[in-house]
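A.B. asks: quick one: sequence plus predicted model below, questions after.
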Amino acid sequence: MRCKYTPGAAAVSTPSTAATPGAAGPTGPVPRPARQPEPAELAGPSTREPAAAELAQLAARTAGDLLVSPARVRLADVVPAPQRVESDPAEDWLLPADAVVLASDDPAALAVAQQLAELLRPATGYPLPVAGAARPAPAGGIALVLTDDQPDGSSAEGYRLSVTRAGVTITAGTATGLFHGVQTLRQLLPSAIESLTPVAEQWVLPGGTVTDRPRFPYRGAMLDVARHFFAVEDVLRVVDHLARYKLNHLHLHLTDDQGWRIAVDTWPRLTTTGGTTEVGDGPGGYYTKADYRRIVSYAAAQHITVVPEVDLPGHTNAALVAYPELAPDKVAPPPYTGTEVGFSYVDPADERTYDFVTDVLGELAALTPGPWLHIGGDEAFKVKGEVYTGFVERAQRIVADTGKTVVGWHQLAPAAHVDGRVLQWWGTTNEDPTTLDAVRRGARLIVSPGNHSYLDMKYTADTPIGHDWAGLIDVRKAYDWDPGTHVTDVPESAVLGVEAPLWTESVTSLAEIEFMLLPRLPAIAELGWSPRATHDWAGFRDRLAGHGQRWATAGITFHPAPEIPWPADQSGTAAASTSRPIPTQTGPDGVPAPSA
């Protein structure tokens, strides 16, 4: 184990002689070379003798260099893989107890600086005050610099992170870029940085420069809150997981046969009646408008856009229970708590249906600052041909009238194109002529192949929760595909990005959400963020292996996937991380019984 750093005690620390598992070279920390003299120190006698204080400071700096362990994390160990990494081990930097976080005098930059300080304070125990400056420089601490000269050349999400002995500088053209740089900085510190209580540790960052930007502008995950309802706090925790890996969209599947989860003032029974059920006869639940605003606001602070989905014209049993006049036969169906699909639909021949669609989407648009409204459109098996396309075309125009851009599952493809239309493709084969035709008419794609990115699929046949209709998806299967070329003949220029959906027919708790997300979510994140040239399974799994200890330290449940070479000293940690109950017994409808 490497030597530990105790605030205020660096000068008397002594290196340990124990080996660090997986470390290269001799056992124990390797002293860094002594600081090289500055040019002025080599220039011969000066006109004055150095003051005693200056000599003492120089001696202390040299001694400190000798005692600091080299960084345990390499600059290239980041997930998602950065665009360019230039390592310089001679510039490794130790975060001092008196470090200050300086940021450009801009409210958005200062907000990111506060987030950084809040991330680092619990484990370090350091105060890490935050201050604004017209021209921030690290001065032994951390500087977040907004600049018109974007370091990556063009992307609003790009950043440059530089680590030298003088401190750390993150430079970006936007606060979003600074935020992504902060996530990289977080990963470069020892895994103990995830602790919620102070840890005696040397907080060393590897020296060098990371220059980074995303490959695709849309990188997201979907959480189905309709099949099982999840409290606001659980959704916020999912937002944190997305932010950690530079995903920037949270798609919320808000409505389905089993429950309606968003309040609509003009149709109040959607929640008071339609929101009271879920798979397995649980209590259900719904978000008030204040709840939804809280989720949207929290996500925005993490530079994540919420994409709300109201699934139409199918997947609507909960709405029909609440308002039978929307049903084709005008009779309320019984509440549904199973997991079958394709049997329900709103009446496409009744103008009252379009009043409903207009009211619901109008209120949701008013609550949602992001540009997207998702109208579903999948598995409406009983609405066929021209009736289906006619309904979709009216729904698309209703979305456009709200000022938003329509998103829908790729079943929308046959309908007429509207400006900006986005199709979310979830097929399991590469060939899709209908979707290709929609792309040729102007549609863009969010790529979510069911057999690679659906995170409700089991890892292996004996995974206790999840499905296998699209196949088993281990971490390698989640990683080994290319969003830019996956759908035959669709050019990369038509691919807006990638999304990993998590349907929750069998997922009943936050622990189960995390178990299904991790470690596959970072794989999808890397496909969306990193340059194609960096995609390499062997390299990815080695980088990902270091994250198990981070998740365990943070109290995050994850699946200890056997294809990932978790470090030997973490072999018990990964298993322990799944100690929150994961169901193993099935209940009615083949759905796993809720955990305790």
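C.D. replies: Yep, it's here. Remember, it's a predicted structure, so these values are computed and weren't measured experimentally.
A.B. asks: so where is this structure shaky, pLDDT-wise?
C.D. replies: Judged by pLDDT under 70, the chain has its weakly predicted residues at 1-68, 150-154, 569-596.
A.B. asks: centroid-nearest residue for it?
C.D. replies: Central residue of the chain (CA atoms, centre = their mean): residue 242, 1.4 Å from the mean position.
A.B. asks: so that one sits in a helix?
C.D. replies: Yes. The secondary structure assignment for residue 242 places it in a helix, going by DSSP: H, G, I helix; E, B strand; the rest coil.
A.B. asks: for it, give me its contacts.
C.D. replies: Applying CB atoms under 8 Å, 6 or more residues apart in numbering, we find residue 242 in contact with 220-221, 248, 250, 302, 304, 521. No exception for glycine: its C-beta is placed from N, CA and C like everyone else's.
A.B. asks: can you map out the strands along the stretch 351-500 of the chain?
C.D. replies: Remark: strands of the stretch 351-500 of the chain, listed N- to C-terminal, are 372-376, 405-409, 422-425, 444-447, 495-502; assignment by DSSP state E, counting those that start in this stretch.
A.B. asks: and residue 180, what does it touch?
C.D. replies: Listed by CB under 8 Å, 6+ apart, the contact partners of residue 180 are 157-159, 172, 212, 246, 303.
A.B. asks: and which of the residues you listed is nearest to residue 75?
C.D. replies: Proximity to residue 75 was ranked across the contacts of residue 180 by CB to CB; first place goes to residue 212, at 11.4 Å.
A.B. asks: pipe the strands of the stretch 351-500 of the chain into CSV and attach distance to residue 228 and mean neighbour count per row.
C.D. replies: What follows is the strands of the stretch 351-500 of the chain, written out as CSV (distance: least, CB to CB, whole Å; neighbours: other CB atoms under 10 Å):
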stretch, distance to residue 228, mean neighbour count
strand 372-376, 18, 25
strand 405-409, 20, 24
strand 422-425, 21, 24
strand 444-447, 23, 26
strand 495-502, 11, 25
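A.B. asks: would you reformat those strands as JSON lines and include distance to residue 294?
C.D. replies: Written out in JSON lines, the entries for the strands of the stretch 351-500 of the chain read as follows (distance: least, CB to CB, whole Å):
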{"stretch": "strand 372-376", "distance to residue 294": "19"}
{"stretch": "strand 405-409", "distance to residue 294": "23"}
{"stretch": "strand 422-425", "distance to residue 294": "26"}
{"stretch": "strand 444-447", "distance to residue 294": "25"}
{"stretch": "strand 495-502", "distance to residue 294": "21"}
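A.B. asks: nearest to residue 564, of the ones you listed?
C.D. replies: Using CB to CB as the criterion, the shortest distance between residue 564 and the strands of the stretch 351-500 of the chain is 17.4 Å, found for strand 495-502.
A.B. asks: what lines up beside that closest one in the sheet?
C.D. replies: strand 218-224 (parallel), strand 444-447 (parallel) (DSSP bridges).
A.B. asks: which parts of the stretch 201-350 of the chain are strands?
C.D. replies: 204-205, 208-212, 218-224, 249-253, 255-256, 259-260, 305-312.
A.B. asks: relative to residue 149, which of these is closest?
C.D. replies: Shortest distance between residue 149 and these, using CB to CB, is found for strand 208-212: 12.9 Å.
A.B. asks: packing partners of the closest one?
C.D. replies: Taking 3 or more CB pairs under 8 Å, 6 or more residues apart in numbering; DSSP states H and E as contact, the helices and strands that strand 208-212 lies on are strand 84-87, strand 159-164, helix 175-188.
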